Structures are given as C-alpha cells and as structure tokens.
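J.: Sharing a sequence plus its predicted fold:
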There are 4 protein chains.
Amino acid sequence: MGSTFGHLFRITTFGESHGGGVGVVIDGCPPRLEISRDEIQFELDRRRPGQSKITTPRKEADQCEILSGVFAGKTLGTPIAILVRNQDPRPADYQEMETTYRPSHADATYDAKYGIRNWQGGGRSSARETIGRVAAGAIAKKILYQVAGVEIVAYVKRIKDLEAVVDSNTVTLKQVENNIVRCPDEECAERMIDLIDQAKRDRNSLGGVVECVARHVPRGLGEPVFDKLEADLAKAIMSLPATKGFEIGSGFAGVLLTGKEHNDEFYIDQQGATRTVTNRSGGIQGGISNGENIILRAAFKPTATIGQAQKTVTNTGEETTLAARGRHDPCVLPRAVPMVEAMVALVLCDHLLRHQGQCATLTP
Amino acid sequence: MGSTFGHLFRITTFGESHGGGVGVVIDGCPPRLEISRDEIQFELDRRRPGQSKITTPRKEADQCEILSGVFAGKTLGTPIAILVRNQDPRPADYQEMETTYRPSHADATYDAKYGIRNWQGGGRSSARETIGRVAAGAIAKKILYQVAGVEIVAYVKRIKDLEAVVDSNTVTLKQVENNIVRCPDEECAERMIDLIDQAKRDRNSLGGVVECVARHVPRGLGEPVFDKLEADLAKAIMSLPATKGFEIGSGFAGVLLTGKEHNDEFYIDQQGATRTVTNRSGGIQGGISNGENIILRAAFKPTATIGQAQKTVTNTGEETTLAARGRHDPCVLPRAVPMVEAMVALVLCDHLLRHQGQCATLTP
Amino acid sequence: MGSTFGHLFRITTFGESHGGGVGVVIDGCPPRLEISRDEIQFELDRRRPGQSKITTPRKEADQCEILSGVFAGKTLGTPIAILVRNQDPRPADYQEMETTYRPSHADATYDAKYGIRNWQGGGRSSARETIGRVAAGAIAKKILYQVAGVEIVAYVKRIKDLEAVVDSNTVTLKQVENNIVRCPDEECAERMIDLIDQAKRDRNSLGGVVECVARHVPRGLGEPVFDKLEADLAKAIMSLPATKGFEIGSGFAGVLLTGKEHNDEFYIDQQGATRTVTNRSGGIQGGISNGENIILRAAFKPTATIGQAQKTVTNTGEETTLAARGRHDPCVLPRAVPMVEAMVALVLCDHLLRHQGQCATLTP
Amino acid sequence: MGSTFGHLFRITTFGESHGGGVGVVIDGCPPRLEISRDEIQFELDRRRPGQSKITTPRKEADQCEILSGVFAGKTLGTPIAILVRNQDPRPADYQEMETTYRPSHADATYDAKYGIRNWQGGGRSSARETIGRVAAGAIAKKILYQVAGVEIVAYVKRIKDLEAVVDSNTVTLKQVENNIVRCPDEECAERMIDLIDQAKRDRNSLGGVVECVARHVPRGLGEPVFDKLEADLAKAIMSLPATKGFEIGSGFAGVLLTGKEHNDEFYIDQQGATRTVTNRSGGIQGGISNGENIILRAAFKPTATIGQAQKTVTNTGEETTLAARGRHDPCVLPRAVPMVEAMVALVLCDHLLRHQGQCATLTP
C-alpha cells in the first residue's frame, strides 16, 4: 500500500511507464474549489519530457483527463481521478532490460522483491509515476493559495559544482521558468545548461540540488511527534526518484554553528506579530510551522541511466556489460522542480486540513 | 494523530516531560518473541540523562515497566504497553517559561497551534518523548536480528567541525559504547569530548552528525512509491528532535559526481549473489533494499536551550531576554545515537512485516 | 478519505454515475498472481444493469480496462488500476433532481455536507460506485482460492416476507446463477421474481436479505480488538448502498437462546482437527476465524427511488412532490449478491495478508 | 495493529485482564477541552464489575489515572494516556484454562492465530479491554456535547424474549441509570432482572439487545463510500465483545416494507429546516447524518462463560468437559450500555473532526 500519501488530503497514484497510462486519485479534497483541467495541465507541461534540449527526447504530450470528482468546474468533495495515457512507447529500446539489470536502477530490487517486473521501461520506478503527484499538487497549491495566500516556488540551486545565488524571499515562478534549467540565477543557469549539454554529449549524467521556499504558510501546521512538518516534508521529498538527501533550514551546515549562533531570536514586528530575526529553523520549530518562510533542499543524484557501457549482471546471475539505449534525461533537475513543488504542496495541504480538523473544532 | 508510527509494526508514544510519565504502545508485534524487561532497559540506559559529564545533569533512572503484551517472557501478539514514570521534576526551573518563549524551541509554535502548553518543561517536544521510541526500537532490533541477523549500529560521526573516521562495515556496539561521546574513532572522540565540555562551560551548545549502518538487511524491503525505504527512514529520522538534515548513501556529496562515477556496478559474488562493487546507493535502489549495507546520516542542530542570555518575546507580545535555567544537554549527539538506531529499527521491522504480508502469501 | 478500504490489500474507488467513468486502484496485491481481464469482467457482468427484467433497464456493458499493475497476465505487485467508462447517460431524466431531493436518497445529505452535488444521477452515492469494489473483489477471490481454497457464495435469502431454504454448506455459484433473482431455492425464487415484477408494475420497490457463506477460510484471520473479523465484515457490508442491518452467525435470533443453548461445543474430528459441533458463532470467535464456515446476512431496504409520487422539498426550502423518472431497480437484491461477495472477499484477503505479515515472520 | 480506532480522533487500547493493567492512548483530541478525572471515572463506574447482583462479582474499583495530555484541567492537544491497574486477580480460577478451551470463547482462536495465549483470564478478549474505550468515550461525549449539544443515550431494549417499550426521543441517562439492568421501561426492567437472576442461579447466561440514540447530531457527518457513518458505527459496535448483529434505523424489519412505505418523506419545519416525517433511515442517508436522531441496535449473545459442564477439547487435541469457575456476568447487557455509548461517541467525534477538516477549510 505504498502508493498512497497523505492523511486527510490523500492521493493514490497508479501506472507504469509502459501500459495503459498513469494517474492519481485524490480523496478528501475540500468541496467547491474552482479548478480547471488547464490549471492541472499547466503543471504537467512543466514536468513533461521533451520540453527542451536538456531533457529526455521521449515525446509525450501528457494530456490529462479528469475522470471524476469535478462538476461544473468545481470540486465535489468526492475522489478526483486524473488519467494520462501512455504514448510513444518504444519497447524495443528496452528489450535488453528483460534480462539485464541497469546499474543503480530499480530493476534488480524489483525482481528481488516481487519476482516479476515490467521490463518495458522503468515500470513503476519510472519518473512517469510523478505525473499523478504533479497533477494532485496543482490542486493542493490552489487550495493553499486560496485559503492563506501560500506561494510555493522551487528552483535549481545547484548542478554538480555550480551553485546559484537566489533570494528565496523574492524569487518568482516567472523567474524560474525563464530558462530551461529552471535556475533563477540567469548567469549561473547558462553555465548549468552548458554543463548538462556536455554531459549529454558524453552519454553521461549529472545531479544537483533543488531548493524550495513556501511563503505565507500559516502558523500551526505539523503534528508532533512523528508527523512533524519537516518529517513529512522529508518523506515527501525522499519518495521522489533519485533523491539522496534532504535539508530543512540550516541543514547540514547548521552543525558548524554553536547554539548561540544558530538560534533564531524572537522579536515583535510592527503588526505585533511574533517573528524571528533569522530563519535557520527554516520556518518550522518543534515540528510546527512558525509563520516564517519554509525553506528546504533536496539532493538528486546523477541519472542512473547513461549511454556509456557499464559492468552489470543478468537476472540469471551472469556478468555482462550494458550501454542503455532508452531515452532518458541527462539531468533530472529541471523536471524535478515541479515535482518538488508538488510534494511540498501535498504535505502542506494535508496538514492544513488536519490542523483545521483538530484545532478549529472547539472555539478558543 | 501524529503520535503513531508504522503500518504493521506500529507504535504510539505518549507523555510529556512533566506529568505522570512517558511511554509507548506497540501494536502488531509478532507473537512468541522472547523479550525481557532488561533488554528494553539496556537501550533506555543508553538514552537516559545524567549518564556522563557531557549530558544533562537531570537525574532520571528511567526504569520501565511492561504493562501488557508479554506473558511468561514472550510476546503475545497483542499490544505491548511500556511505561516510564517521570521523576526529579523541578518545575521551578521552568517558571519563567510560562510566559517567555525560548528561541528556536517549540514553546511559541505549540502555543500558536494548540492555544495551550505544558510550560513545566518541554512538554511533548521534550526529548523524553523518545523514551517510547527507544523502548520499542529494542523490540524491533531483536526481531530483525532473530529473523535475518540484522545489525544496526549508529555512532557520532561529527561534532561541529570534528569529523571521525569510522569503517561502517566493521564498527561494533562495543566500540561505540567505549566512550561517553559514542564516537568509535577514539582519538577524535577525545577532542569531541573536550569541545562539548568547553561549550558547556561557555553556557553554549553544539551540533553534529550521527551516522548509522544497518548490515544484513534482507533484499526486498521498502514499498514503491511513497513508502520507499529511504523515504520512511527520512521521516523517521527527521521526526527526532533537533534534526535538520538527512542523507542516504552518497547524500549531498553525491551531486558532485557524474552518473558514470556514481553508479554502483553489479557483479556476482562467490556465493552467486548479485552484489554491487560500490555502495553509493546506501543499500537502497528504487526504494527497495538491495542487500548491501544501509548507510544514512542525520544532522542535529546545536541544542536550542542555552544558558546565555538571548533576545526573545513573551506570550503577550512583549520583547524581553532569557537565559535558560533548566537542566539541558550541551550537545544532544551522544544520547541521539540510540534514538537513531531505534528509528531505523522501527522502519526496517515494519517493512519486514509488510514485505512478508504482501510478497510471501503466494508461493513463488 | 472515505474512498479507501483495507490495510494491506487496499482499494480506492473513484467515479460518479455520470462523468468520465468509475473504477478502482488496488494497492498491495501480491505479485505473480495470474489474472485476466475476463475473470474481472465475469464478476462485473453479474453486477451490471439491464441483465434481466427485474433489474434497472439502464443499458451499460460495463466493460473494464486494466490500466496498470498487470504484465504478461500476472500481477506486478504494483497498483492495479481498473477503469469502466460511463455510457448511456440520460441527464434529462435527472433535470428535476437539480433542485428536488429524492426521499430517503443521498441528495439532501450530500448538499448538506459538501454544499455541491452532481445532480445528474446519484453521483457518488450511485450503485455504479460498486463497480470498483466488484472488480477488486474478483482479484481478492482468486487470491483466497489459490492460497487456501476459499469459496465465497452469496445468495438472496429473503425478499420482503419470502424466505428461501438454502444449505450454506453446499450451495454453489452455479445454483445461485441459475435464476435471475439469484436465490438457489428454485421454488421460492419463482415467487420472489413474481413479487418483484409486481412491485415494478406498481412503481414501488422491495427489500430483502442477502446471506453469504465463506468456506475453507483458514484459522487465525482477524485482529483483536477493533479489527475483529466480524467488525471489518460489518463495516464492509454496511458500506454498501441500501444496507440497514448486519448479522454474523446466530445474529439477532441468537439473543433468544441461553448460553448453554448458544455455545458451540468443541470436538476433535477424524483428522485430529479442533472443530465445533454447531456454528452459532458463524465461523468467528473472539474476532478470529476458527476454520468453520463464515456465515453472515445483510438487510437491504427497498430501493429509495420509486415512480410513485412522494412528498419532498427543494434545495431552496420549498415543499413539493416528486415521482422519479430515472431508470432504477425495483429491488437491488439480485445485483447486490456479487457486491456482498466482493466485500467479503476484500476483508478476508486483507486479513490473510495481515496475518501473514504479523504471525508468519517468526518461525513457530 | 487492530488495537487502534479512528482517523483524526484516534484511540489505541492496550492491556489484558491479568497483568499490569489496561488503558488507552487518545491522539488527536482537540486542545483546550476542560476535562477532569472524575468525568472519566463516572463512565468507568457504569462499566465496572461488581456493581450489582446481576453482574460479575469480580471486585475491581477500576480507578483511572491520567498519565499525560491534560494540564491544569484542560487537554493539551497531545496524546492523553489513561491507565487502570488490574486488581483482584485470581489466576487459580483459570488454571484449567491453560490447557482447556472454553466453548464459544476466544481461547482456541487466539492459540490458532498467535501460538501463545495469556490463559490467566480472557487476556485481550476480556471485556476489561473496553475500559480504555469507555474512558476515551467520556472525552468524545464531552466534545460532542460542547460543540453541538449531542446527547448519546443507550439502554437495554431486550433481554432474551423480554422487549422494553422506550421512547428514544425523550429517554434520559437518569431513566437508564434508575435500575440495575439499565432498561428505562421500569416494569419490563423488573422482569429482566428476575430473568437474569434466574439464569445466574441456573449457572446459565442470557443475551439481548442494546438500543442507542444520538440526538442533535449535526448534519453532514460521515464519508462516502467506505466510511459511511453507519458503516463506521457497525464496525464500532461489532468490535465489542459478544455482539452478533447490528441495525440502523428500520434494520432487518425494514425489509418487510415496500419503498413507498419505507421512504422518509421530507417537509420544511417551522424553523425552515429540512426534516423527515418518519425516521426509518435512522438519522443517516447516503452514509451522511441528516440531522434526525441516529438510532441503532446491537445484538449481544448470551455470555459464553457458564458454570454448567460443556463438552470441549484441550490444546493437545483431547476431548474433555469444562464447567467454568471464573467470575463472570450472567448477562453482559447492563454493562454493555456504557460501552455502546462510548463506541457511538468515538465514531461521531472522529467524523465531526474529519468533516471540519475537509469541509470547513474553504469558506462557502
């Protein structure tokens, strides 16, 4: 049952990269939300393959169909099912994968777990699975914006050793979408694009870091002790393909500071609100949002599928070599940006509803 | 309902730092496991305060009582409830906290969420809450060891800028317990102890990194797509107090490598098993364990509670300063080691049972 | 999130009676199960409208498509998504329902809860929603049969005051399918058909009782204390549209007996197995299956939608009258039979996997 | 994990009849609810053994201790743990049960499932487990009353063939508590008491029916499709020990009516509210509360433990006879009344919070 995420705003994704299609069922969505297919498609277009020279050339329009849960342009409160058909399959590209495991991919572990595997592509471990997440995230984003004006913006912070300078307080979607690598530091973006382009020509791949900021998040979201907001965000992010690390606020660099240096001192702002001078906490204290910007980072490893020959083994225990022929991204980061935003939105929306359920029932 | 963790092997913790006590209910434990109170107490003793000069001087023996679920030395398959009474409370130390928020602590966010707070100590955000986790982890560890010989060993990898050299393939519990900072690099450990001791004298605090290895984990644990093993481990770790980051395998450093450099090539070992030459994956591929060692790291920030004066505010919106008087750890890392082991054990045990449930029902 | 059912074998249904379609996502299905579209379609054909003169004349072939989770005729262990498109809609039949509430139907309560409603038919409260359950139940049945030879047979036990005589120990699917009312007592079935036919002509409707037996259920299924097998069966049955009551074993009639009369005495059978002489427990003791036949009964009220004029109100608070024009069943019982079987199969399959997960991990 | 119930207002019970004690952890409780130990103890006193000549003579004061989650008389929003110690154990009474199975009890099925059993009493299947439910129910009742004025009143409707006449619209707790059998029909109550008294002298036992009404339940509670309000109520009731049947509204008798007779016609009352003339729906339509009284009935079998000799078997497969010596109730109905109320309160409170979470987040 690992295909379900969320407690009140709950999504279940389905589908392999090859077969009838992929999609999502969203249960628990608040009723009467105005939502259109186009709003969902907008986010899917940011995620789809073939959108630029530095993404996989697999051509899929990824057009979504809303099967249920929306009536006359509004949510019904009942499950919203969204389907995207698979197209442009080239199973011949994958013939070799029937018997040969791609290094650092999920082929061998799926066989070990299930004793069977859809070898015509990545199956369930393909990034196509994230279509359902991104579609659901579009709805979660709209709820968050409508209820509290929440803005969620992710961007490429780093590719290999190139790190961008971005002001998380002001960065906008428009700035992020301004170039194909989705890095709002234009000068750095150009170098990133060149680096990815070179890796592609080398039949190699690159990794990097996506940073995400959520602004105007209401105070009080997150539930001690296991469902701390940062814990659910960590799970959300680390469930994305190719992630190797997660940080909130100061992250690993925070260990270099002393408590005196790290603590966020409080002050009262001009509106009388309790605020923190600094934000090393990343907008969360004690597992609960404090009203400051939520800032997190996700490390993505270089794409496992590369065109260069690598040593590997077959499912019958023979050693061999493999040079992947399937279409793939030389770097997942640009397309990971909308995925990260979606996962952050899903967590915040779920906790928004949970907080409403527990803490708004009795009047203060 | 954020106090419950796990799906088949499921724990629910309860209790604040001040009040009747803290504890845990473990539901779904396999029946007929031999377990004694002493085995649980052993892990609690590693976690308890006052165990050395570099931990909080709060004196609590943290003696546990098994209330249910064990009969004649064996688990019944029914809920195991474990209770530890609170002792040695000094509410006077906390009088100031009734109105004043400690910077980077959970006081302000608890008030924002719940509109009420047990100000006689950290309440539910206190590290005392982890007693229940550690007690449950002791049982999870035993199941994992008995079923598959799994060994879980955590240790302090870094304090501030001091990083230890540890061979994760061979490190033992005995080596970890050999010094009070729980760092198996003895030379580095001495310097860490001095550094913490100095911070304590400065009424300041330090952070660091705990690394954890799980050896002999069976292949096949973890469930695509949201309950990937690394996702559930990330949530488990990031639900511990004071964590700011999580890494699996190569982690954030992995982004500096190309795909060709990062991929773990396969080979067939002398027993005919599929193995990887390197282990940048950290024992998990596609969200599923691959039989290699699982390696993860957790970043802990410096303790928020410090004796130096800091700027803060009151619950009525007044600016003030605070110098904490309560007893606290100058560095949580030494006591975090058994907590990290417990959380890893809980995740692995839950997935062991889940894998058994889904994949062992039909004969191959 | 009320659209998800089951803990390890977990289904999520979606879809309204009018719109893109209805379906189900099944997560946690054991891998490597041979399953064909035809096996699923067989059960859907038993449920579909228009199959006889005593069911609704709505014409829907209800052809299913497996979107994911099955590869080369076998389950992958990943989510199985099944879709049935809606056809033959006649929204004009429902125009009046936009403003007028059908008595004892869900129109008014959906409006009260959600503030919006798909009035072009029953929406989510339509029996069409059960398509997803029946499709999932077909897979659950196959697992149960393959693992343990479990046979699940439901049948119409009563229509209004006509009660059939059926031997639950021997009744077969073939006997049930032998007539259009699905009552294996042929003589009684004829009278039932006449009674329903008469109600149809009267623009009235009838209710009744479905009985279900599950034979060869392994000992040990069910989890104290809230997930007792009869508790989960009760929830499963009472979640079907139009149910008003549930009984296990002796049921309400059991209260007329003394303990001495009601208790099922034990004996040892010729194979040395512990058996009970009688089966007033209905195959479950202490919430756990005991190896005897599981017997349960479900009361279905007469269909709410009738052609006769009834007093009702509009969504703006006006009193009015309504005579339904939509196509509907004069008696849901014949089509409820495969629904009851499906729900029983889903509960048993979930508990089979759960039992395997908790109790088969440690060797005895 | 069958010891947890509820989704937002979630309880986990623990404990066997013999051992350290029994209790409950309540997670997700709204913060700032005023609650005292006495309010909880009041309900436990209604449930405790030894309260009259027609209940078990086991003497247990069942005094509860609140371990956590309440501070200065108010709930904190964190887990509320409540513990009741076991007292007055007489394991000698149960020595025979180590090897001999009581007919229609859980001894044999627990052994079949777990391969181990606490034979010193009923273990986890003992009615003592319901202490945790009743304690949690006291809190749920208070929330429901405070938020919406909900009144939940259960009473004994039938003992064997004696059926009481009770007006569910007006019956009060005081009337119920006016006699030891908890039947508000005083004349019938006397005959019930005599009947139970006679059964006790006969070393036999009796069953019956508890009816429960919930008044002033807000419209809109319950979630299609699996978590329909009647489905969750059915599960709640059927998880109580000794239950064999569940009815909502018209129940099994409803099948004798035609649709025209059964439907609840709508009208507009003097306050302009949509109401139903009759209430055969039992306050729930389409799985959602409609504002009318919720009415349900639960069938309880005669107590399995009786003093008369019965044929049974041992855990080694030998046939034998058994005459129970342990203290037990000749009829569980009087003590089942507060249990039924508690389970109804738990379901309604959970759905109140869930409804708030999903449907009150967006403004209409």
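T.: That came in fine, so what should we check first?
J.: Tell me which residues touch the closest residue to chain D within the stretch 101-250 of chain A, please.
T.: Closest residue of the stretch 101-250 of chain A to chain D, CB to the nearest CB: residue A:147 (6.1 Å). C-beta here means a position set from N, CA and C on the backbone, and glycine is covered the same way. Each residue near residue A:147 by CB atoms under 8 Å, 6 or more residues apart in numbering or on different chains is listed here: A:352, D:361-362.
J.: repeat that with 6 Å
T.: The contact partners of residue A:147, by CB atoms under 6 Å, 6 or more residues apart in numbering or on different chains, come to none.
J.: could you point out which element follows the helix or strand it falls within?
T.: Assessed by DSSP states H and E, residue A:147 sits inside helix A:130-148. Using DSSP H and E, the helix or strand that follows helix A:130-148 towards the C-terminus is strand A:151-159.
J.: now the angle between helix A:130-148 and that next one, please.
T.: 130 degrees (axes from the mean of the first three to the mean of the last three CA atoms, to 10 degrees).
J.: now for strand A:151-159, which elements pack on it?
T.: Secondary-structure packing of strand A:151-159 (3 or more CB pairs under 6 Å, 6 or more residues apart in numbering or on different chains; DSSP states H and E): strand A:208-215, helix A:333-359.
J.: CA atoms of the helix or strand following the first one as CSV?
T.: It refers to strand A:208-215. Note on strand A:208-215: by DSSP H and E, the next helix or strand toward the C-terminus is helix A:229-238. C-alpha atoms of helix A:229-238 as CSV (Å, rounded to 0.1, in the frame of the first residue of the first chain):
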residue,chain,number,x,y,z
LEU,A,229,6.1,19.1,9.4
GLU,A,230,9.8,18.6,8.5
ALA,A,231,9.4,14.8,8.9
ASP,A,232,6.5,14.7,6.4
LEU,A,233,8.3,17.0,4.1
ALA,A,234,11.4,14.8,4.3
LYS,A,235,9.4,11.7,3.4
ALA,A,236,7.6,13.5,0.6
ILE,A,237,10.9,14.6,-0.9
MET,A,238,12.8,11.4,-0.4
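J.: So is helix A:229-238 next to chain B?
T.: Yes - using CB under 6 Å from any CB of the partner chain, we find that helix A:229-238 touches chain B at A:230-231, A:234-235, A:238.
J.: okay if I get those as TSV plus neighbour count?
T.: Shown next, in TSV, are the residues of helix A:229-238 next to chain B (neighbours: other CB atoms under 10 Å in any protein chain shown):
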residue	neighbour count
A:230	31
A:231	29
A:234	32
A:235	27
A:238	29
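J.: State the three-state secondary structure for residue A:321.
T.: Of the three states, residue A:321 takes strand according to DSSP: H, G, I helix; E, B strand; the rest coil.
J.: Okay, it and chain D: tell me how far apart.
T.: 46 Å (CB to the nearest CB, to the nearest Å).
J.: same check, this time on residue A:338
T.: Distance, residue A:338 to chain D, by CB to the nearest CB: 24 Å.
J.: Surely that residue is in contact with residue A:47?
T.: Yes - using CB atoms under 6 Å, residue A:338 is in contact with residue A:47, at 4.8 Å.
J.: who touches both of those two?
T.: With CB under 6 Å, 6+ apart, residue A:338 and residue A:47 have common neighbours residue A:134.
J.: per-residue pLDDT, the closest residue to residue A:289 other than its chain neighbours?
T.: Spatial nearest neighbour of residue A:289, excluding adjacent residues (CB to CB, 6 or more residues apart in numbering or on different chains): residue A:221 at 4.4 Å. Predicted confidence (pLDDT) at residue A:221: the value is 98.
J.: Run a quick neighbour tally on residue A:221.
T.: 32 (other CB atoms under 10 Å in any protein chain shown).
J.: From residue B:36, how far off is it?
T.: 41 Å (CB to CB, to the nearest Å).
J.: what sits opposite residue A:321 in the beta ladder?
T.: With DSSP bridges applied, residue A:321 shows beta-bridge pairing to residue A:311.
J.: Please list the residues of the stretch 51-200 of chain A that sit near chain B.
T.: Close to chain B, as judged by CB under 6 Å from any CB, the stretch 51-200 of chain A has residues A:101, A:103-104, A:106, A:108-109, A:112-113, A:115, A:124-125, A:129, A:161.
J.: how about TSV for these, with neighbour count, pLDDT and secondary structure added?
T.: Converted to TSV, these look like this (neighbours: other CB atoms under 10 Å in any protein chain shown; pLDDT from 0 to 100; DSSP: H, G, I helix; E, B strand; the rest coil):
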residue	neighbour count	pLDDT	secondary structure
A:101	24	95	coil
A:103	27	95	coil
A:104	30	95	coil
A:106	26	95	coil
A:108	26	96	helix
A:109	28	97	helix
A:112	21	96	helix
A:113	27	97	helix
A:115	16	96	coil
A:124	31	94	helix
A:125	27	93	helix
A:129	27	96	helix
A:161	9	98	coil
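J.: Looking at these, which one is closest to chain B?
T.: Of all these, chain B sits closest to residue A:106, with 2.3 Å by CB to the nearest CB.
J.: Does the closest one touch residue A:125 like I think?
T.: Yes - using CB under 6 Å, residue A:106 is in contact with residue A:125, at 3.7 Å.
J.: For those two, list the residues in contact with both.
T.: Counting by CB under 6 Å, 6+ apart, the residues touching both residue A:106 and residue A:125 are residue B:286.
J.: Name the nearest residue to residue A:111, ignoring sequence neighbours.
T.: residue A:117 (5.2 Å).
J.: Where does the prediction get shaky in the stretch 51-200 of chain A?
T.: A:88-91 (pLDDT under 70).
J.: Please list the residues of it that sit near chain C.
T.: A:67-68, A:71, A:74, A:76-79, A:81, A:114-116, A:118, A:124.
J.: Now secondary structure and distance to residue C:323 too, for these, in JSON lines please.
T.: Formatted as JSON lines, those follow (DSSP: H, G, I helix; E, B strand; the rest coil; distance: CB to CB, whole Å):
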{"residue": "A:67", "secondary structure": "coil", "distance to residue C:323": "32"}
{"residue": "A:68", "secondary structure": "coil", "distance to residue C:323": "29"}
{"residue": "A:71", "secondary structure": "strand", "distance to residue C:323": "25"}
{"residue": "A:74", "secondary structure": "strand", "distance to residue C:323": "30"}
{"residue": "A:76", "secondary structure": "coil", "distance to residue C:323": "27"}
{"residue": "A:77", "secondary structure": "coil", "distance to residue C:323": "29"}
{"residue": "A:78", "secondary structure": "coil", "distance to residue C:323": "27"}
{"residue": "A:79", "secondary structure": "coil", "distance to residue C:323": "32"}
{"residue": "A:81", "secondary structure": "strand", "distance to residue C:323": "34"}
{"residue": "A:114", "secondary structure": "helix", "distance to residue C:323": "55"}
{"residue": "A:115", "secondary structure": "coil", "distance to residue C:323": "58"}
{"residue": "A:116", "secondary structure": "coil", "distance to residue C:323": "55"}
{"residue": "A:118", "secondary structure": "coil", "distance to residue C:323": "52"}
{"residue": "A:124", "secondary structure": "helix", "distance to residue C:323": "51"}
